[in-house]
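> give me the fold of what follows.
(2 chains)
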Amino acid sequence: MERILHGVDAVSAFAGKAFAWLIVVLTAIICYDVAARYLFRAPTAWAFDGAYILYGSLFMMAGAYTLSRNGHVRGDVLYGFFPPRVQAGVDLVLYFLFFIPGIAALAYSGIDFAQFSWQLKEHSSTIAGGPPLYHFKTLIPIAGALVLLQGVAEIIRCIQCLKTGEWPRRLHDVEEVDVEELKKRVQADPAADLVPPGPSSEGAIT
Amino acid sequence: MKSGMKIGIISLALVIAIILVVFLQTKNITSGHVGLLMLALIVVAIMLGFPTAFTLMGLGMLFGYYAFYETGQALGDNRVFDLMVQRTYGVMTNDVLISIPLFVFMGYIIERANVIDRLFKSIQLAAGAVPASLAVATVITCAIFATATGIVGAVVTLMGLLAFPAMLRAGYDIKLSAGAITAGGCLGILIPPSIMLILYGATAGVSVVKLYAGAFFPGLMLAALYVLYVILRAVLNPKVAPKLPESERSTSFLQTLGILLTSFFPLAILILAVLGSIVFGLATPTEAAAVGSLGGILLALAYRQLTWERFKEAVFLTARTSAMVCWLFVGSALFSAVFALLGGQEVIERWVLSLGLSKFTFMLLAQAIIFLLGWPLEWTEIIVIFMPIFLPLLGHFEIDPLFFGLLVALNLQTAFLSPPVAMAAFYLKGVAPPYVTLNQIFAGMMPFMVIQLVALALLYAFPQIGLWLPEVLYK
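From the prediction side, this is the model:
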């Protein structure tokens, strides 16, 4: 069972990490656009459409990845104090009550939405000959399906936790606040080369 | 821990009691009341701890299905599906929210540039002669670093590792030290370029540029009040912040300047360039954020801190944080549309107008509600769920949504320092020496929370603190 769960995690993470790189592309094309406008006096026509397509794709496709790392914001006022079994029980009920209807509806409604756009061969109308939008719109049902799949994995995790009384472990990934890593960084960086020599600085910071 | 749970359970019971009382007293239940029920359920669900984005989507979907339901229609033929996908697509093409991943990326890159210890060291040397110089340097370092990165957890943790031991070793009061780090670390939420103001701008339809211009001085004012408080404490009672021995603070002017030049100025100039280009209309927030990210990359390269591994981490973290914020927005876009559709908004508006409040009492009431919501909820939830309810009321009382936004942003600062969900306290506790208790940290945060309320009152009494800059620039 753990292999299936980690397999689903891996699928979500693969999609999320692949689309995460769009931030680099987004940064690059906006910087290019700024340079083109101010330095060369030749603004690009496609940067506006390109930018929101990259941004929208990025966050939609990272939804499942974020869920697989338990990264969606949740109220901590009670949850953090619950024992694991209660947490899992509450989560399990609410996954069926809120998550499945919401995300299934998103995936379902996205199919029609994308289909229609494909039929029209829809292009952006902000500029003449704007970029095609049907690929972009197709990401809605795909992202919905990925989040739904990850949700099923989370439901299985809840059931496992209800049985064993502790949360199944997750694959390691980079964390926003990784205390060990931060400790290493603070110590590994020798501030000595910055600090003037002599007795003045010693002992102020370790 | 126990007391936190108690607060949670009490507030949960309170919400459920209010639901029961309202519904038992109402004789004819209209769809507007169903909307209110939806609002009450969201509060209950958030308190139970289910991911807020999915709670919003689920409740929006279920209540929307009910609102659009016509007898005899097929199961998949409800108009709520159209609404859902339209709202989602609206968020995907939102030209305000697009700057969020870029600012987040800039933040992670700068955080990984690893400048905080140089920054702290240089400011500490520069502030050497000031009373409580370590605490003053802490607040200023926090303010700059938090402004550049916007990542509360990382700032508080890093300062907890760097400044906290330094202050304790120098004999500083534990509470004062803890308060300076936690309060300072949260300043990045208010001082532009902050994600909170983007989110408010997107929700309220207020220009982010004006919000940034408006929040600049209130943010500085708050930081200055923190510094003032720390100095005042040290002057009144030197025991809480003993002077450093001469050997640890005396450097020549040139040495101090040299360190400042390599650590303080590059980061300060980067922030000011990003902010300045936005405020003076040279670049949109999106463009400034992209160029700021590039600047952050160059800065990290210049400090020789940008490894491929760290760059990759910043990219992945950016995706997760952006997804967290934007999926929340997808959920709230559907939720608030359904809430308005059911007429929940009208019920609230009618009720508020029937109270016959003056502008002042309405403002006081609104800020008090937001302050109280900040105890159990996070600022993201308050902005995306509750702002759409307050905003239509502003017109009735002739309140400028820009000014309201500045007050809200300042007000929500308190949400970070109010137990039991004050994340800053837990981050600090995670790296503090074992003898420092969570209660000491909370106690240390309290005076700073009072300062925030003072700042809020000052901004209300003198709106020009916030409105002067946007008025001068965008006449």
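> what residues of the helix ranked longest in chain A count as buried?
Ranked by number of residues, the top helix in chain A under DSSP state H is helix A:134-164. Under the neighbour-count criterion of 16 or more other Cβ atoms under 10 Å in any protein chain shown, helix A:134-164 has A:134, A:136-151, A:153-158, A:160-162 buried. Placement of C-beta: from N, CA and C, glycine included.
> filter those by proximity to chain B?
A:136-137, A:140 (Cβ under 8 Å from any Cβ of the partner chain).
> now the chain, which segments are flagged as low pLDDT?
Since you didn't name a chain, this refers to chain A. A:187-206 (pLDDT under 70).
> oops, wrong one, chain B.
B:1-5, B:7, B:26-28, B:246-251, B:420.
> next SSE downstream of the longest helix of chain A?
helix A:179-188 (DSSP states H and E).
> near chain A, which residues of the stretch 101-250 of chain B?
Near chain A, when you scan the stretch 101-250 of chain B using Cβ under 8 Å from any Cβ, you find B:101-102, B:105, B:114, B:117-118, B:120-122, B:124, B:151, B:153-154, B:157-158, B:161-162, B:165-166, B:169, B:244, B:247-250.
> from these, list the buried ones, please.
So, of these, B:101-102, B:105, B:114, B:117-118, B:120-122, B:124, B:151, B:153-154, B:157-158, B:161-162, B:165-166, B:244, B:248-250 end up buried under the neighbour-count rule (16+ other Cβ under 10 Å).
> which ones among those residues lie within helices?
Counting by DSSP H, those contribute B:101-102, B:105, B:117-118, B:120-122, B:124, B:153-154, B:157-158, B:161-162, B:165-166, B:248-249 to helices.
> just to be sure, residue B:210 is in a helix?
Yes: the assignment for residue B:210 by DSSP: H, G, I helix; E, B strand; the rest coil puts it in a helix.
> tell me, how many residues neighbour it?
22 (other Cβ atoms under 10 Å in any protein chain shown).
> stretch B:358-373 near chain A at all?
No: figure legend: stretch B:358-373 not in contact with chain A (Cβ under 8 Å from any Cβ); closest approach 11.2 Å.
> which residues touch residue 155?
Looking at chain A here, since you left the chain open. A:92, A:95-96 (Cβ atoms under 8 Å, 6 or more residues apart in numbering or on different chains).
> looking at chain B here, not the other one
B:116, B:142, B:145-146, B:149, B:184-185, B:188.
> ok, residue B:216 - contacts?
B:191-192, B:275, B:279, B:469.
> kindly recompute the last result at 10 Å.
B:190-192, B:275, B:279, B:465-466, B:469-470 (Cβ atoms under 10 Å, 6 or more residues apart in numbering or on different chains).
> how far is the strand or helix carrying it from where the chain is centred?
In the assignment (DSSP H and E), residue B:216 maps to helix B:208-236. Its chain's C-alpha centre and that of helix B:208-236 lie 15 Å apart, by Cα atoms, centre = their mean, to the nearest Å.
> buried residues in that helix, which are they?
B:208-219, B:221-223, B:225-227, B:229-231, B:233-234.
> off-centre distance for stretch A:30-48?
28 Å.
> neighbouring contacts of it?
Outside stretch A:30-48, the residues touching it (Cβ under 10 Å, 6+ apart) are A:29, A:50-51, A:53-54, A:124, A:126-131, B:95, B:98-99, B:102, B:277, B:282-284, B:286-295.
> report the buried residues of that stretch.
A:30-31, A:33-34, A:44, A:46-48.
> same check on stretch B:424-436?
B:424-429, B:431-432, B:436.
> number of nearby residues for the residue of the stretch 51-200 of chain B found nearest chain A?
Residue nearest to chain A within the stretch 51-200 of chain B: residue B:58 (2.6 Å; Cβ to the nearest Cβ). Residue B:58 is flanked by 28 other residues according to other Cβ under 10 Å.
> tell me the SS of the residue of chain B most remote from its centre?
The centre of chain B is farthest from one residue, residue B:72, which by Cα atoms, centre = their mean lies 46.8 Å away. Three-state call for residue B:72 (three-state DSSP): coil.
> give me phi/psi at it?
Backbone torsions for residue B:72, taken as degrees, to the nearest 10, come to phi 90, psi 0.
> same check on residue B:51?
Per degrees, to the nearest 10, the backbone of residue B:51 is at phi -50, psi 120.
> that one is in contact with residue A:75, isn't it?
Yes: counting by Cβ atoms under 10 Å, residue B:51 touches residue A:75, with 9.2 Å between them.
> which parts of stretch B:264-275 are buried?
B:264, B:266-267, B:270-271, B:273-275.
> tell me the contacts of the residue nearest the centre of chain B?
Geometric centre of chain B, nearest residue: residue B:189, 3.8 Å, by Cα atoms, centre = their mean. Applying Cβ under 10 Å, 6+ apart, we find residue B:189 in contact with B:146-147, B:150, B:152, B:195-197, B:219, B:379, B:409-410, B:412-413, B:415-416.
> next, give phi and psi for it.
Dihedral angles (degrees, to the nearest 10) for residue B:189: phi -70, psi -30.
> which ones are touching the spatially most central residue of chain A?
By Cα atoms, centre = their mean, the mean C-alpha position of chain A lies nearest to residue A:62, the distance being 3.3 Å. Neighbouring residues of residue A:62 by Cβ under 10 Å, 6+ apart: A:12-13, A:15-20, A:22-23, A:71, A:143, A:146, B:101, B:316, B:318-324, B:326-327.
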